[in-house]
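Q: Quick one: sequence plus predicted model below, questions after.
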Amino acid sequence: MRLVMLGPPGAGKGTQAKRLAERRRIPHISTGDILRAAAAAGTKLGKEARRYMHDGGLVPDAVMIGLVQERLRQPDAHGGFILDGFPRTVAQAEALDGFLAANGMPLDAVVQIAVPRDELVGRLAGRRTCGTCGTMYQVAVSQGPNGRCDACGGPLLQRDDDREETVARRMSVYERETAPLVGHYRDKGLLREVKGTGSRDEVFQRITGELR
Ligand code: AP5
């Protein structure tokens, strides 16, 4: 299965993509995770990406297109993949269309997860990620950035771009740059729209129902 997960920041793309990828035994390719790993490692890509991510902007298309094409050429993606966070602009979507067509790898579906804005803002404010194993948590916002991971005892950290002012910028960048992809994929007959509210299990059931 070749899938794209679409939706605003905090919609649950990463949460659902991880679970779907485990079930289907295909790679979950998150461009946000790739960029954060590069930033943590201090690579040239990471240093460049950090400047854009910190302010809630987008890393330039040319960088992202090259990065994803290289990832899709890896052998583990030949049997399918779930893209999370890419494409994010019309230019990225068109480059992906061309790459997949040229390589005989058509998409099966694009899942758009819809969540009201108020809930998105609350989810991002309360998101904490274990700095050791990457497990994600939701905390009461008043709890602050402290706490330990239940799974491994690592420190729970707040993502740099989950600060209130950066979230507002990410939302407007999404509306301007990424929301037009809904029409792009609807026109191609690939779009599957799923309500992203309710429990993680409920959302997962809706997605698997749409993909059946
Ligand atoms: P990226 O990491 O892709 O961030 P994003 O798209 O803003 O998405 P998020 O990771 O914030 O949210 P999500 O939808 O994955 O939700 P999640 O499952 O985490 O990108 C970060 C940055 O990298 C970008 O801003 C940009 O700078 C750069 N970048 C990345 N790709 C790029 C590209 N292609 N081009 C250019 N730049 C790029 O869930 C959110 C929270 O909600 C979690 O705490 C989770 O536990 C919780 N949650 C999930 N589901 C539920 C539920 N059903 N109920 C309650 N809580 C839930």
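A: Cool, the structure landed.
Q: okay, CA-based contacts and neighbour counts for the rest of this
A: OK.
Q: what pairs with the helix or strand bottoming out on mean pLDDT in the chain, and is each one parallel or antiparallel?
A: Of all the helices and strands that make up the chain, strand 136-138 has the lowest average by mean pLDDT, DSSP states H and E, namely a mean of 87. Applying DSSP bridges to the sheet, strand 136-138 is found paired with strand 127-130 (antiparallel).
Q: All the helices of this structure, in order from the start?
A: All helices of the chain, identified by DSSP state H, fall at 13-24, 31-41, 44-54, 61-72, 90-102, 117-125, 164-173, 180-187, 200-211.
Q: Give me the distance between the longest one and the centre of its chain.
A: In terms of CA atoms, centre = their mean, to the nearest Å, the gap separating the centre of helix 90-102 from the centre of its chain is 18 Å.
Q: How about the third one?
A: Between the mean C-alpha point of helix 44-54 and the mean C-alpha point of its chain there is a distance of 17 Å (CA atoms, centre = their mean).
Q: Using PDB, write out every CA atom in that helix.
A: Taking only C-alpha atoms (Å, rounded to 0.1, in the frame of the first residue of the first chain), the coordinates of helix 44-54 have been written out as PDB:
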ATOM      1  CA  LYS A  44      24.200  20.400   7.200                       C
ATOM      2  CA  LEU A  45      20.500  19.500   6.400                       C
ATOM      3  CA  GLY A  46      19.600  19.700  10.100                       C
ATOM      4  CA  LYS A  47      21.200  23.100  10.600                       C
ATOM      5  CA  GLU A  48      19.300  24.500   7.600                       C
ATOM      6  CA  ALA A  49      16.000  22.900   8.500                       C
ATOM      7  CA  ARG A  50      16.200  24.100  12.100                       C
ATOM      8  CA  ARG A  51      16.000  27.700  11.000                       C
ATOM      9  CA  TYR A  52      12.700  27.100   9.200                       C
ATOM     10  CA  MET A  53      11.100  24.700  11.700                       C
ATOM     11  CA  HIS A  54      11.900  27.000  14.600                       C
END
